[in-house]
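Novice: Generate coordinates for the sequence data below:
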Amino acid sequence: MFKIACYGVRPNEVDYFNRYNKYNYKLTLIEDLLTHENVETAKDQDAVLLRGNCVADKQNIQKFAEYGIQYVFTRTVGFNHIDLEAASTYHMSVARVPSYSPNAIAELSLTLAMMLLRNTAYMTNRTSKKNFIVDSQMFSREIRNCTVGIIGTGRIGLTEAKLFKGLGANVLGYDVYQSDAAKEVLTFKELDDLLAESDIVSMHVPYFPGQNDKMINADFISKMKKNAILINTARGELQDNQAIYDGVVSQHLAGFGTDVFANEKEIFFKKYDEQQELPDPTVEKLISLYPKVLVTPHVGSNTDEALSNMIETSFDNFHDILTTGTTKNAIELPKVAQ
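Specialist: Model (predicted):
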């Protein structure tokens, strides 16, 4: 029986892993993310299945090789947590899940935007403390009177555009590739024009190391419409936390919502005491601006549909490579000197 150690399996996900195990793999479901400290849990396994923020660096991949593991798969779209050179060196196969329910991320983006637009976090925080006075902060715009700019109009961005258009918003888009499907839903603009015209700006672009690091910087924010809302559920590396903090404090930005941070594994999925300082002071500063800044701990894909897609595709990846020697979702590994 093929044995897979699955990491980062939350308690609510256990039933899904068992339900979709149609190939009858022997699953070892581990709640913790893979680290240097718990890598020995992969002993006696044939494969590992990771999620984002698992540590699959050279050190751990070398351990996998010692354990006889040949398959290092991830149930995520991104795979930057896997050292591909090390995987190539130790003759590992690597595969990913190239897509899952776009609604999962799009709905979270829309929710964060609407919470900031209607000031719901501000209001419910006050009423939870028995303060029912209506003040000027509770006044808001209606979404049908707003323009929403979607940066990155792939599957997720386009899905969010459709959701906003369904609510009556005027929707703009920016993408280097302007698909016909997107043109039916939104109006493409140059980036600077989109920023200048949008009341809500939502990010859905992939992260390319060394190319678009801190794309959301002071210059980007200065080009945004005053009193606009900024949402990032894509990648934390795209945002300059200090610049966003300055934008909110100066009231150039009405609010900011994010599901991601750079180096987020140092913060997310852990519980800190309220008085305990976070490892990243810029994140500390941002969360201090609640409820103008809303942070969710990378839960965009944490839905029933997305989880089902991730698990089914991952199990299919294993089945394909075991029966045919390859999978369409394999990641091409770099060639290394032997």
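Novice: Beyond the strand or helix carrying Ile221, next helix or strand please.
Specialist: Assessed by DSSP states H and E, Ile221 sits inside helix 218-222. If you walk from helix 218-222 toward the C-terminus, the next helix or strand you reach (DSSP H and E) is strand 228-232.
Novice: what packs against that next one?
Specialist: helix 102-117, strand 200-203, strand 253-258 (3 or more Cβ pairs under 8 Å, 6 or more residues apart in numbering; DSSP states H and E). Yep, even glycine has a C-beta here, placed from its N, CA and C like the rest.
Novice: Report the backbone C-alpha coordinates of it in PDB.
Specialist: Written as PDB, here are the backbone C-alpha positions of strand 228-232 (Å, rounded to 0.1, in the frame of the first residue of the first chain):
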ATOM      1  CA  ALA A 228      -9.800  54.100  -1.700                       C
ATOM      2  CA  ILE A 229      -9.800  50.600  -0.200                       C
ATOM      3  CA  LEU A 230      -6.900  48.200  -0.900                       C
ATOM      4  CA  ILE A 231      -7.300  44.400  -0.800                       C
ATOM      5  CA  ASN A 232      -4.500  41.800  -1.200                       C
END
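Novice: wait, which of the helices and strands packed on strand 228-232 is closest to Ile150?
Specialist: strand 200-203 (5.5 Å; Cβ to Cβ).
Novice: Work out for me the element Asp192 sits within.
Specialist: Asp192 belongs to helix 191-197 when assigned by DSSP H and E.
Novice: Can you name every helix or strand that that helix contacts?
Specialist: strand 147-151, strand 170-174.
Novice: at 6 Å what do you get?
Specialist: Counting contacts by 3 or more Cβ pairs under 6 Å, 6 or more residues apart in numbering; DSSP states H and E, helix 191-197 packs against strand 170-174.
Novice: Quickly run through the sheet partners of the strand it packs on, with directions.
Specialist: strand 147-151 (parallel), strand 187-188 (parallel) (DSSP bridges).
Novice: Return the most buried member of the ones you listed.
Specialist: Among these, strand 147-151 has the highest mean neighbour count (mean count of other Cβ atoms under 10 Å), at a mean of 27.
Novice: Downstream of it, the next helix or strand is which one?
Specialist: helix 155-166.
Novice: And the residue nearest to Val249 when sequence neighbours are not counted, how far from Ala196?
Specialist: Residue nearest to Val249 in three dimensions, not counting chain neighbours: Leu289, with 7.3 Å by Cβ to Cβ, 6 or more residues apart in numbering. Between Leu289 and Ala196 the distance is 24 Å, computed by Cβ to Cβ, to the nearest Å.
Novice: Those two - which one has more neighbours?
Specialist: Leu289 (17 against 14; other Cβ atoms under 10 Å).
Novice: I figured that one was touching Gly247, is that so?
Specialist: No - counting by Cβ atoms under 6 Å, Leu289 sits too far from Gly247 to count as a contact (10.4 Å).
Novice: need the contact list for Asp32.
Specialist: Asn38 (Cβ atoms under 6 Å, 6 or more residues apart in numbering).
Novice: Just name the most buried of the helices and strands packed on strand 228-232.
Specialist: strand 200-203 (a mean of 27).
Novice: by contact count, what packs against it?
Specialist: Looks like strand 200-203 contacts strand 147-151, strand 228-232 (3+ Cβ pairs under 6 Å, 6+ apart).
Novice: Show me the helices in the protein, by range?
Specialist: 14-19, 58-67, 84-89, 102-117, 120-127, 155-166, 180-183, 191-197, 218-222, 241-249, 281-287, 304-324 (DSSP state H).
Novice: Check which helices and strands the third one sits against.
Specialist: What it means is helix 84-89. If you count contacts as 3+ Cβ pairs under 6 Å, 6+ apart, helix 84-89 packs onto helix 58-67.
Novice: Extract the C-alpha trace of the helix it packs on and format it as PDB.
Specialist: C-alpha atoms of helix 58-67 as PDB (Å, rounded to 0.1, in the frame of the first residue of the first chain):
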ATOM      1  CA  LYS A  58      17.600  21.100   1.100                       C
ATOM      2  CA  GLN A  59      18.000  19.900   4.600                       C
ATOM      3  CA  ASN A  60      14.600  18.200   4.700                       C
ATOM      4  CA  ILE A  61      14.700  16.900   1.200                       C
ATOM      5  CA  GLN A  62      18.100  15.300   2.000                       C
ATOM      6  CA  LYS A  63      16.300  13.600   4.900                       C
ATOM      7  CA  PHE A  64      13.500  12.400   2.600                       C
ATOM      8  CA  ALA A  65      16.100  10.800   0.400                       C
ATOM      9  CA  GLU A  66      17.600   9.000   3.400                       C
ATOM     10  CA  TYR A  67      14.100   7.800   4.200                       C
END
